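Q: Output the structure for:
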Amino acid sequence: MEVQELLYQMFMSNHRFTRRSDEVRSRSVWTMTARSNFKHLLYNARKNAEKVFQSADPTLWREQALSWMRRDYWETLCNIWSAERWQQTSTILKVNRAANPEANMHTSGSVSFEKELKRLPTFQEVFDRTHKKKGTDQYIRDRAREVAESYSQQMTEKHAGGDEQPQLDLEVWVAASGAPKKGHVYGFGHSIDMSRVLSGASSSASQTNAFNVGVGTPGTSPSDMMGFIADTISGLESCLA
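A: Here you go, the predicted structure:
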């Protein structure tokens, strides 16, 4: 995390943004990219070790640390990989990926969703795009279907007065998806901490939708939330690339 922060500050020393919302969005994209790259880095390290030692037993890899990683870090990773719990989880995930490759892709095409619609999509449209099997109208999981249907119904009931529905009503989404866990809301992943937004949207008496809650708080303004939706779409295209 210290290295990630250092690299971002180096990036910011050479770049400036005209809007605060763009800077917040850049940090979100930076964090998502760093996490993805780090995950692949460790995956490649594990696969290379398996190839060099011609063994899938991580306990045999500990003696030869990587040139770019501290030895104690490498030994700790080997211990984690050799643990029974990690091995069981890895096996289950491999089986799930093999059984449902479309869900593993978690994407629906390389064409920009925004350009395809010729407008900014709603959050539910992005959610459907990323949680339905490619080429079908079936959700990859029952929970995704239940949340989407509940959200759609509650949105219709809440905004039945004829006003145009907002891109995202966070209060309704939380009501449909359930209580957040550790500040994270279902459907938002772990790349954005929603605790500040939730604290501003927690009052059931408020009729203000999530795009108008907490304006002025970094990361919760309307443009920030729209930026998150755009980042989600961008992330899909990055996966394909």
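
Q: Helices along the protein, start to end?
A: Per DSSP state H, the chain carries helices over the ranges 2-12, 20-53, 71-82, 84-99, 101-105, 113-117, 123-131, 142-158, 170-177, 195-201, 222-240.

Q: Out of the ones you listed, which is closest to Thr59?
A: helix 71-82 (5.0 Å; Cβ to Cβ). No exception for glycine: its C-beta is placed from N, CA and C like everyone else's.

Q: Would you mark the buried spots in stretch 74-90?
A: For stretch 74-90, the neighbour count (16 or more other Cβ atoms under 10 Å) marks 74-75, 77-78, 81-82 as buried.

Q: Tell me the spacing between the spatially closest residue to Phe11 that is not a sequence neighbour and Leu6.
A: Nearest non-adjacent residue to Phe11, counting by Cβ to Cβ, 6 or more residues apart in numbering: Trp30, 7.2 Å away. According to Cβ to Cβ, to the nearest Å, Trp30 stands 12 Å off from Leu6.

Q: Out of these two, name the residue with the larger neighbour count.
A: Legend: neighbour count by other Cβ atoms under 10 Å for Trp30 and Leu6, higher for Trp30 (16 against 10).

Q: correct me, but the more buried one touches Gln9?
A: No. In this structure Trp30 lies outside contact range of Gln9 using Cβ atoms under 8 Å: 10.6 Å.

Q: before we move on, back to that, and the buried residues of stretch 74-90, which is closest to Ala176?
A: Nearest to Ala176 among those: Trp81, at 37.8 Å, using Cβ to Cβ.

Q: Contact partners for the closest one?
A: The contact partners of Trp81, taken as Cβ atoms under 8 Å, 6 or more residues apart in numbering, are 46, 58, 87.

Q: Arg145 now?
A: Contact partners of Arg145, counting by Cβ under 8 Å, 6+ apart, are Tyr139.

Q: Quickly note the distance from it to Glu164.
A: Distance from Arg145 to Glu164, by Cβ to Cβ: 25 Å.

Q: Then Val147?
A: 22 Å.

Q: Same check on Ser26?
A: According to Cβ to Cβ, Ser26 stands 30 Å off from Glu164.

Q: Met155 now?
A: In terms of Cβ to Cβ, Met155 sits 11 Å off from Glu164.

Q: higher neighbour count, the two?
A: Ranked by neighbour count (other Cβ under 10 Å), Met155 and Glu164 place Met155 first, with 20 against 6.

Q: wait, doesn't that one sit right on Asp169?
A: Yes. Judged on Cβ under 8 Å, Met155 makes contact with Asp169 at a distance of 6.3 Å.
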